[in-house]
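>>> Quick one, what's the 3D model for this:
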Amino acid sequence: MDGGVEHNTTMRTSGGKAAPSSRWPKVLFRVSVLIAPLLFPVTSALAATDDAAFDARSLLTLGINLGIIAFAVGTAIACLRATERARAAAAQAAVEADRYRQSESTLETVLAAEPQALLIVGESGEPELLVANLPVGLGVPREANALLDFESWLDAPSASALDLALRTLVDKGEAFNLMLSTLRDRFVEVDGRVAGHTIVLKVRDLFGRRLELAELAAKHRQLEDQVASLRALLDTQASLAERAQPEPKPSVEARFRSFDRLATAFAVFDQNQRLTHFNQAYVELWQLDPAWLGTHPRDGEILDRLRQERRLPEKADYRDWKKTWLSSYGSNDQVEDLWHLPDGRTLHVIADSEAGEVTYLYENVTEQIALESRYNALIQVQRETLDTLREGVAVFAPNGRLRLYNQAFAALWRLSPRQLDKEPHIDEIIEECRALYDAPEEWERTKAAVTAIVSERRSYESQIDRADGCVLACAALPLPDGGTLLTYNDVSDAKRVERALIERTEALEEADRLKSTFISHVSYELRTPLNSILGFAQLLASPAFGPLAEKQREYVHDILASGLTLRAIIDDILDLTTIDAGTLELNLSPVSVREVIEAAANGVRERLKQNDMTLDVAIEPGIDRFVADGARVTQILYNLLSNAIGFSPTGGKIALNCRRENSMVAFTVEDQGVGIPEDYQKAVFERFESRPHGSRHRGTGLGLSIVKSLAELHGGIVALDSTPGKGTRVKVLLPLSQEPKGEAAELDELRYRSSLAG
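Below you'll find the predicted structure:
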């Protein structure tokens, strides 16, 4: 049965591999076998004719004309391809321009969408506020001059810290990242960088873990202030005592009573180690009876009671620990320690001894230590995870210093882990890496990704081809905390395989192009002498040259039949090469369904008579016309009918049906022949695949391949259903309506050309 592969740049078998080049010598051998029996009868017939002579000059002129025609056709094909490439390049340029416009619009949208205040100060010294869309509740001004007036929207400590950092940035170019508090008790993050001759100041809202750290830092500063106030109060009390001007007791008690509002527990013991003052937080921390505390117990008694109630740290030698702790009396020194209580709490205890008195401060740091523990565990998990990766990973902080890396990163760039553990700046790492890859543009891009302050941070990917033959796939990804992740993956082996495959593909494409060119030229060269053979055979069969003997008429009839068959094969090959070249155009116009069916039936009428077969045609009512190339549709139906006749037994019946399926018109050709085995049905549309399957038919294997290619050029599909011993049904679906090609469609002439059939 005739078959073929769907059209592609490289011929492929049913398994998807490139077809062996030995197939084309077989094709040429097949063509030569068809020509050989034709040439010998003509030679003998012409030798028997006295007036059969050749004019050498006419043959030379004919050859030159054919050469000029072949050159013109080749030039026209080259021009058409150049035109296609130019139009494709213009379309690509238009798409790129539109993409850049969309990218610019997206950049502006994203810049306005992120809550931030971005201020720059150039060489002119005039501040310019690019973006100011932070929430109003933060209290951040939305004007440049107001934003630079830090005291108007930041609390005093934050304004002083930001002013000092900005002066350092201007004088020394040192970038900073601060978490500050506004006058509305909200926290913001402020970044300051130098980009060229421009100072960039960026204010962002804090969230997540960074907000928690900012709140803990503020709380810590508050506690330090409280401790300083308490210490100043005690200093004042001691000073008054030295001057023998004791303050009235109610006044002192009133001052200490004000510390009941503090969240930090404290207690004051006199020179006799007796409790003199404490606040409510101290009572709640140790769950002691305030009345008992009012009896002024000694420090050791309180420790013993707390130990009995299992509220002190578990110590192997409690007496020694208690003696060491009470030794702070009279030392005029400050002692700090962490107490890990049995109930899971952790206290930061400060014992400040002065003038024989001791002041205890108890700060609950359980949450802070838990947070630090989780953070350290997370960092350790990240480090262990990164060390197992084969690709090099490096994480840089917002200030440009290395914060995290894995062993693969150090190995790929041959860096010392001892040096990387010192958290070097990105500039130092780039300087070390230049020994292996010196490309200023690439390193500037990497440095900008790590240190630059921009409104929208984007990831990027690149490829590094080092001089030592190593190929690295590099990627930079911005992190939510302002840091940057750099990854380097060694793709040397994959790149070598890719290059080898590209070279092999290019070689196969070149071989396929040479094959197609060779077949096209050979087909054109064969068609010219074949037309001469057919012409001479028709002349010999004409009565004008006298009667022929019975045997001579039989020979002339065989010459005409074989010549027509050979010309049909050459026409099929030329159609396929035209589709391969992408120059086959469809002449779209309204086509009558009945006319194309009658034209195809007339083409096989003689074969139907010779094989005593009948053709049943059924057209669904309501289907009259559709838009297509009438000649090509006729060719599709002719090939299907010829294929059905070849594989049907003598006296069989063939059915041709036409009906509408949704927006498609379906042509179905069904025979009652030998059928196609299931394992061969996938290869039936491949080129030069022809198997008789027990029938008398032996074709070139191009009929169904051309059917598939022409159907797909129309935007249709081909389906096959066959059962061995019961026949075959082939359905071709074509669109009912397409845009006809006319004056209004000249600018879109490439739309109906073949890109690659199949």
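>>> For H220, pull up the helix or strand it's in.
Using DSSP states H and E, H220 maps to helix 208-242.
>>> now for that helix, which elements pack on it?
strand 176-181, strand 187-195, strand 346-354, strand 357-364, helix 366-387 (3 or more C-beta pairs under 8 Å, 6 or more residues apart in numbering; DSSP states H and E). Any C-beta I mention is one placed from the backbone N, CA and C, and that applies to glycine too.
>>> mean confidence score for that helix?
Averaged over helix 208-242, pLDDT sits at 72.
>>> That one: how far from the chain's middle?
54 Å (C-alpha atoms, centre = their mean, to the nearest Å).
>>> Any idea what the residue nearest to D191 when sequence neighbours are not counted is bridged to?
Distance criterion C-beta to C-beta, 6 or more residues apart in numbering; nearest residue to D191, sequence neighbours excluded, is K202 at 4.4 Å. Beta-bridge partners for K202, by DSSP bridges, are L118, D191.
>>> wait, K202 sits on L129?
No - taking contacts as C-beta atoms under 8 Å, K202 lies outside contact range of L129: 11.2 Å.
>>> Please name the residues that touch the nearest residue to L710 once chain neighbours are set aside.
Nearest residue to L710 in three dimensions, chain neighbours excluded: R632, at 5.0 Å (C-beta to C-beta, 6+ apart). Contact analysis of R632 by C-beta atoms under 8 Å, 6 or more residues apart in numbering lists 586, 710, 713-714.
>>> Among those residues, which ones are in strands?
When these are checked against strands (DSSP state E), there are no matches.
>>> ok, back up a step: would you mind putting the helices and strands packed on helix 208-242 into TSV with mean pLDDT, mean neighbour count and distance to N133 alongside?
TSV is the format used below for the helices and strands packed on helix 208-242 (pLDDT from 0 to 100; neighbours: other C-beta atoms under 10 Å; distance: least, C-beta to C-beta, whole Å):
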stretch	mean pLDDT	mean neighbour count	distance to N133
strand 176-181	86	18	19
strand 187-195	86	20	14
strand 346-354	89	18	41
strand 357-364	90	20	39
helix 366-387	84	12	31
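>>> Let me have the ones you listed in CSV, extended by distance to S416.
Listed next are the helices and strands packed on helix 208-242 as CSV, based on distance: least, C-beta to C-beta, whole Å:
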stretch, distance to S416
strand 176-181, 28
strand 187-195, 29
strand 346-354, 38
strand 357-364, 41
helix 366-387, 16
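>>> all helices for the stretch 451-600 of the chain, in order.
Per DSSP state H, counting those that start in this stretch, the stretch 451-600 of the chain carries helices over the ranges 492-541, 550-581, 593-610.
>>> Quick one, which of the ones you listed gets closest to S158.
helix 492-541 (51.3 Å; C-beta to C-beta).
>>> quick one on the thing from earlier: where among the helices of the stretch 451-600 of the chain is the average confidence lowest?
Looking at the helices of the stretch 451-600 of the chain, the bottom one is helix 550-581 with a mean of 72.
>>> contacting residues for L477?
Applying C-beta under 8 Å, 6+ apart, the residues near L477 are 459, 484-485, 487.
>>> what's the closest of those residues to A561?
S459 (69.9 Å).
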